[in-house]
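Engineer: structure for the following, please:
(chains A, B, C and D)
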There are 4 protein chains.
Amino acid sequence: MGGNSFGTLFKITTWGESHGEALGVVIDGCPSRIELSDEDIQKELDQRRPGQGKGSSPRKERDRVEILSGIFEGKTTGTPISLLIRNEDVDSSPYEEWKDVFRPGQADFTYEAKYGIRDHRGGGRASARETAGRVAAGAVAKKILEKERIEIIGCTIELGGIQTEKVNIEEIERNVLRCPDRNAAVSMEKKIEEARLRGDSLGGIVEVLVRNCPPGLGDPVFDKLEADLAKALMSIGAVRGVEVGAGFRVARMLGSQCNDPIGPKGFEKNDAGGILGGISNGTDIVLRVAVKPIPSISLEQKTVDRAMRPVSIKIKGRHDVSAIPRINFVCEAMVAIVLADHLLRQKALAGC
Amino acid sequence: MGGNSFGTLFKITTWGESHGEALGVVIDGCPSRIELSDEDIQKELDQRRPGQGKGSSPRKERDRVEILSGIFEGKTTGTPISLLIRNEDVDSSPYEEWKDVFRPGQADFTYEAKYGIRDHRGGGRASARETAGRVAAGAVAKKILEKERIEIIGCTIELGGIQTEKVNIEEIERNVLRCPDRNAAVSMEKKIEEARLRGDSLGGIVEVLVRNCPPGLGDPVFDKLEADLAKALMSIGAVRGVEVGAGFRVARMLGSQCNDPIGPKGFEKNDAGGILGGISNGTDIVLRVAVKPIPSISLEQKTVDRAMRPVSIKIKGRHDVSAIPRINFVCEAMVAIVLADHLLRQKALAGC
Amino acid sequence: MGGNSFGTLFKITTWGESHGEALGVVIDGCPSRIELSDEDIQKELDQRRPGQGKGSSPRKERDRVEILSGIFEGKTTGTPISLLIRNEDVDSSPYEEWKDVFRPGQADFTYEAKYGIRDHRGGGRASARETAGRVAAGAVAKKILEKERIEIIGCTIELGGIQTEKVNIEEIERNVLRCPDRNAAVSMEKKIEEARLRGDSLGGIVEVLVRNCPPGLGDPVFDKLEADLAKALMSIGAVRGVEVGAGFRVARMLGSQCNDPIGPKGFEKNDAGGILGGISNGTDIVLRVAVKPIPSISLEQKTVDRAMRPVSIKIKGRHDVSAIPRINFVCEAMVAIVLADHLLRQKALAGC
Amino acid sequence: MGGNSFGTLFKITTWGESHGEALGVVIDGCPSRIELSDEDIQKELDQRRPGQGKGSSPRKERDRVEILSGIFEGKTTGTPISLLIRNEDVDSSPYEEWKDVFRPGQADFTYEAKYGIRDHRGGGRASARETAGRVAAGAVAKKILEKERIEIIGCTIELGGIQTEKVNIEEIERNVLRCPDRNAAVSMEKKIEEARLRGDSLGGIVEVLVRNCPPGLGDPVFDKLEADLAKALMSIGAVRGVEVGAGFRVARMLGSQCNDPIGPKGFEKNDAGGILGGISNGTDIVLRVAVKPIPSISLEQKTVDRAMRPVSIKIKGRHDVSAIPRINFVCEAMVAIVLADHLLRQKALAGC
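Structural biologist: Residues are numbered from 1 along each chain as shown, chains lettered A, B, ... in the order given. So this is what the prediction gives:
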């Protein structure tokens, strides 16, 4: 109930603080006899690693995953899969100055309010490092989805005010920002460079596509597929909005525009984003999330200390300018986890 | 696991089909000794009733709630509260023609795909009538929140392309659309009338404000307050997007704009929407949801029957033009349920 | 979290007080397209009805079940099945004298301690009447199990100190006590008559057999099949002990006696009671529960009132002498619910 | 849903195989600001260590716990506590011969049936080593209970047919079998020695007492305190029966004997075992579990291999003669976990 578990049949529990000994995830409910190697997980973690794009942190951070249980002779056994990532070469000294100060846009104030104690080193549990556990678990979920040929692709469709004008899926892997529009990618890089020089940070929008999703996934009413996806995505620290299909555009649509006509070959457009009545309809699932700018900026900010006395702060060090593109992989992971869960739920019913 | 329950400590289970015998909700985990009368619930249900605004259905629908358990001498006993609403004067004959046809924008196709059987009468379980159970449960949740002076207000900030220009909370109760801007309300009414005449329907945006929310509610990581709220709101049939605070606007903000400075008296602006790191920060919680146009329109639509043969349909009868303003009450109810749940969760920890 | 739900994939929520308006159960997660009629449920409820055996209450109690949702054209739709039983002809006046007195062996004292309020009429939520909801849900679970030919049989193997000497399954339906030994049944009836004349009550032991259970049901570690069964059975008010297979006899066995040898045709004896390592092994599941005497007796008892002042009480009226044989049906229902749940859980995994 | 989590508010997830890399537990929902050191956990693990009594395994097994998260400056932070125990000096070669053979009384056959794959080394996930995670989590639960002065004591009241005649709590810590009767302890030791020489094993009965438990813990109906305790205890591998208070003795009691009279100072006897209607009544909670003999014996046994061909086996090596006394600590841990959970649940309600 501490809120660190997600899922029902395919269930993950993450743990660990940014500057603690280690962090990790336990996956319970993974079907047996699925081939799974360290490499399957490591390659997802490596993608998520910062310092790869100009938009991301130049810090050196090496996340080496260790599979501690649940695998025998290269296959899952049906028992919990425990994944461990040690926190190495951690230097908590730069965080000493935030021990008694609440950084704006961070969880410092609220953790203090809730728990009366706070591991301030590196943001503790509220650090984006927590998402390493999600990405590792997502790699396992993807192995389950692969068997059904379900594919998940995250990409960057807006960053620092630059929007993509066209979508070319092949382009995504070709640029470090995972932007499906080459020209937009170039402009985004420029925006990032400008923000970095100013000591500021940028927000953006990530889109997640699910291809080959079979119809029938999702439980109506509260566990609608889009509801579980919304929770999964909104649980990522930097996300402030989630939409499915036409999303907020529906507010200005007429019913006659919004409804997707159905033809003998299926749905003829996809404003529903692949989900109707909480259940997948067999077309691509389309999701978008709004990503806020990284709150750690080197510009001067106004805040208070624990005694609510005003202080003015600058957060030194080299920080990511944007959670994008790294957050793409976290979004993919969370979507994979929701789909693996609902796939198992549907198999339970379909077996009867 | 059928997806009809929501919450952990304050937990609701709704049941019932639109044209079945009845529908209802069971609330488990309500603290004891809270005063609760039929009237507390009935008044919330009456607000939700259609046929009150020009935007809503002219059908006569009378939802009389019956408390079947959990109350003794006017107070909750700590045992489950079962609420029942009979479906009266139901005429399923107009739905006969949809028995073998999948209406666009509805759950017809996906229920069939998932279950292989479908109660087509009045939309069955996928009908908006299901939300009566949510509103009834929300009335109970509000009683718990009232003791802490927490207040929830839903209002219409966009409808049919008309946006509010100013927000006057007092105005909300004065117009039937629950629009906080009197001029906008008039324009919205006009849009509704136009759409009704064309046989079309309209989407919009609802905003939910939570006032006097104490800091400390919400569990970090997966059960972040905004994550649970996003699931709660996205589980409402017509909702296609959810945002908190600045929402999708964060995509174009700089970190220096997005971070809310903190002063000796608290947060100096509220782009965070009252939640930081998944935990309430003591300022107002601000949420917005995108509401799609009602899919039942009398204009001609293209679809298929069960054998995937093309058919052209018109949905006769008088339908709501928009789920707004009714959906305001459903949003309020879901927000109340999430907050009541997290309030209890926080009390469990605070007691130690 | 109020503790009124049970199960994960096949999940039930019961509600209702003994002398309230009604009681019932909501079943969520029942697979679709299972034939289910009022009669399927009513016949289980009728068996459970008191006043049928000499050991049971002569009160007239008619439990008419009403299916309110989840069924369409005689089949389950996959949506929640809500079952309602009205409390008719209830006379709460005999309970007026217990309003401020804690009856020994009852939940009066503890409900007061927990909730600070108590519906004293007919025992409120703590009444054995609550089990009607369980039996109704069990009837639905049995329909799922029937498709796999899984059969559940409860019988009385001890009552008032009389133990069965032989077990004849055919005999069970032939006597009102559901005793598999005709001679023992006669002696038990005599014991019941004696206890009734004295105004006292009797305990006993119920055995539950599960036949044709496939191997593979149950999740190791915490959700072992016997662990979930133990919880299910121990949650029945009068049950004070649960054992599987050889049960408490294992305390005096050697490993060489207790281990069941395996031959080419399977297990050669069944001291394990059909479960090894938390998972069914394909042989019969054998469970036994200890049932305490009904606490309502007409002999004088010593207790206190709300102010902890000593009072001496006699509980008038005609009461059951034993929860047996009625509790047989409740045990069967709970075992059916656990098995239906684990059957669905296993199907989820097996589908991958 | 894989069954490796337990609890609702205080929730644990164990993972790990006997001969895998490591095993551990993640505790989610522990309140913040509780003092917790490695030593608090290590001392519980050391007690559980085999090779301490004559009844237990002479194998050298050193379980060194590592706290990986959730603690800051010696106190819990409210975030998940991850505990790791490496499996050191593991020699899996003796298990090679069981790779394709189902040992009687073990989970070999059923894991194969359920998962189609099995980590045969050291019993894999089904090994008693899994309980190290439970004991470690129990140590944390006990810290929460300590603050309320709740105390849990496990002791051995029967072993190899020898029953205690008197109960002297002080005696428990004085003998390695944790037997509260010194003379019985001597006879039990003799029985163990005899069984060891024969290559056989012994069963017994463990009693768990909870002292200073406040009234009001437990949720009626399905989450009755005794139901959650029964599940917790029955989930321990060797346990085949659980009883509360008078337990199976109630079968032969009259109501007038079984009911506990209440006087001005409380309950005047305790056949209820401290729980009425599923809720603690303020007196000591008394539980007993039946422990089966260790299935690994060096006597010849009849079984089959994977192809269901008969084989005759002898399990070499030095094994525990009885799971007692080690299982005492596992029982204590599980009881502590259930009570910590219900304590938090009760605090949630009491706060309103």
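Engineer: measure the residue of chain A most remote from its centre to chain B for me?
Structural biologist: The centre of chain A is farthest from one residue, A:Pro264, which by CA atoms, centre = their mean lies 36.1 Å away. Distance of A:Pro264 to chain B, given as CB to the nearest CB, to the nearest Å: 5 Å. From N, CA and C alone the C-beta is placed, and that goes for glycine too.
Engineer: could I get the pLDDT score of that residue?
Structural biologist: A:Pro264 is assigned 96 on the pLDDT scale.
Engineer: leaving out the residues flanking it, which one is nearest to it?
Structural biologist: In space, not counting the residues next to it along the chain, A:Pro264 is nearest to B:Met308; the distance is 5.2 Å by CB to CB, 6 or more residues apart in numbering or on different chains.
Engineer: same deal with A:Thr131?
Structural biologist: A:Val330 (4.5 Å).
Engineer: I figured the one you found hits A:Val135, correct?
Structural biologist: Yes - using CB atoms under 8 Å, A:Val330 is in contact with A:Val135, at 6.1 Å.
Engineer: and these two? Which one has more around it.
Structural biologist: A:Val330 (28 against 25; other CB atoms under 10 Å in any protein chain shown).
Engineer: any low-confidence regions in the stretch 1-150 of chain A?
Structural biologist: Applying pLDDT under 70 to the stretch 1-150 of chain A picks out residues A:1, A:49-61.
Engineer: and the residue of it closest to chain C?
Structural biologist: With CB to the nearest CB as the measure, A:Pro31 is the residue of the stretch 1-150 of chain A nearest to chain C, at 3.7 Å.
Engineer: roughly how far does that residue sit from D:Ala350?
Structural biologist: 42 Å (CB to CB, to the nearest Å).
Engineer: okay, the two: which has more neighbours?
Structural biologist: The neighbour comparison of A:Pro31 against D:Ala350 (other CB under 10 Å) goes to A:Pro31, with 24 against 15.
Engineer: the more buried one and C:Phe248, how far apart?
Structural biologist: Distance check for A:Pro31 against C:Phe248: by CB to CB, it reads 37 Å.
Engineer: and what of A:His319?
Structural biologist: As judged by CB to CB, A:His319 and C:Phe248 stand 64 Å apart.
Engineer: the two: who's more crowded?
Structural biologist: For the pair A:His319 and C:Phe248, the greater number of neighbours falls to C:Phe248 (23 against 20), based on other CB under 10 Å.
Engineer: for the strand or helix carrying the residue nearest to A:Thr131, what is the distance to the chain centroid?
Structural biologist: Assigned by DSSP states H and E, A:Val330 belongs to helix A:326-350. Distance of helix A:326-350 from its chain centroid, counting by CA atoms, centre = their mean, to the nearest Å, is 12 Å.
Engineer: orientation of that helix relative to helix C:326-350 in degrees?
Structural biologist: Counting by axes from the mean of the first three to the mean of the last three CA atoms, to 10 degrees, helix A:326-350 lies at 130 degrees to helix C:326-350.
Engineer: point out the residues in the stretch 51-200 of chain A that sit beside chain C.
Structural biologist: A:Gly78, A:Thr79, A:Ile144, A:Lys147 (CB under 8 Å from any CB of the partner chain).
Engineer: list buried residues within those.
Structural biologist: By neighbour count, with 16 or more other CB atoms under 10 Å in any protein chain shown, these hold A:Gly78, A:Thr79, A:Ile144 as buried.
Engineer: which parts of the stretch 201-350 of chain A are strands?
Structural biologist: A:204-211, A:239-244, A:262-263, A:266-267, A:275-276, A:279-280, A:285-291, A:301-304, A:310-313 (DSSP state E, counting those that start in this stretch).
Engineer: looking at those strands, which is closest to chain C?
Structural biologist: strand A:279-280 (10.6 Å).
Engineer: wait, does the closest one make contact with chain B?
Structural biologist: Yes - on the criterion CB under 8 Å from any CB, strand A:279-280 is in touch with chain B at A:Ile279, A:Ser280.
Engineer: ditto for stretch A:344-352
Structural biologist: Yes - shown here: stretch A:344-352 in contact with chain B (CB under 8 Å from any CB) through A:Arg345, A:Gln346, A:Ala348, A:Leu349.
Engineer: and the one residue in the stretch 1-150 of chain A that gets nearest to chain B, how far from A:Ala22?
Structural biologist: Closest to chain B within the stretch 1-150 of chain A is A:Ala107: 2.3 Å, counting by CB to the nearest CB. Using CB to CB, A:Ala107 is found at 21 Å from A:Ala22.
Engineer: now do the helices in chain A.
Structural biologist: Per DSSP state H, chain A carries helices over the ranges A:38-48, A:108-115, A:131-146, A:169-172, A:182-198, A:225-234, A:255-258, A:326-350.
Engineer: out of these, deepest packed?
Structural biologist: helix A:225-234 (a mean of 30; mean count of other CB atoms under 10 Å in any protein chain shown).
Engineer: picking that back up, tabulate the residues of the stretch 51-200 of chain A next to chain C (JSON lines), appending distance to B:Glu170.
Structural biologist: Formatted as JSON lines, these follow (distance: CB to CB, whole Å):
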{"residue": "A:Gly78", "distance to B:Glu170": "60"}
{"residue": "A:Thr79", "distance to B:Glu170": "60"}
{"residue": "A:Ile144", "distance to B:Glu170": "53"}
{"residue": "A:Lys147", "distance to B:Glu170": "58"}
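Engineer: how about those residues, which pair is most distant?
Structural biologist: A:Thr79 and A:Lys147 (19.3 Å; CB to CB).
Engineer: so which of the strands of the stretch 201-350 of chain A comes closest to A:Phe6?
Structural biologist: Short answer: strand A:239-244, nearest of the strands of the stretch 201-350 of chain A by CB to CB, at 14.4 Å.
Engineer: any part of that closest one near chain B?
Structural biologist: Yes - counting by CB under 8 Å from any CB, chain B is contacted by strand A:239-244 at A:Arg240, A:Gly241, A:Val242, A:Glu243, A:Val244.
Engineer: neighbour-wise, which one of those residues leads?
Structural biologist: That'd be A:Val242 among the residues of strand A:239-244 next to chain B, by other CB under 10 Å, with 33 neighbours.
Engineer: how much space between that residue and A:Ala137?
Structural biologist: Distance from A:Val242 to A:Ala137, by CB to CB: 20 Å.
Engineer: and the residue nearest to A:Pro264, how far is that from A:Asn212?
Structural biologist: As for B:Met308, its distance to A:Asn212 is 19 Å (criterion: CB to CB).
Engineer: how about the residues of the stretch 251-352 of chain A that lie near chain D?
Structural biologist: Neighbours of chain D within the stretch 251-352 of chain A, by CB under 8 Å from any CB: A:Leu344.
Engineer: can you count the residues close to the residue lying closest to A:Val250 once chain neighbours are set aside?
Structural biologist: In this structure, A:Val250 finds its nearest non-sequential neighbour in B:Lys292, 4.0 Å apart by CB to CB, 6+ apart. As a burial measure, B:Lys292 scores 29 neighbours (other CB under 10 Å).
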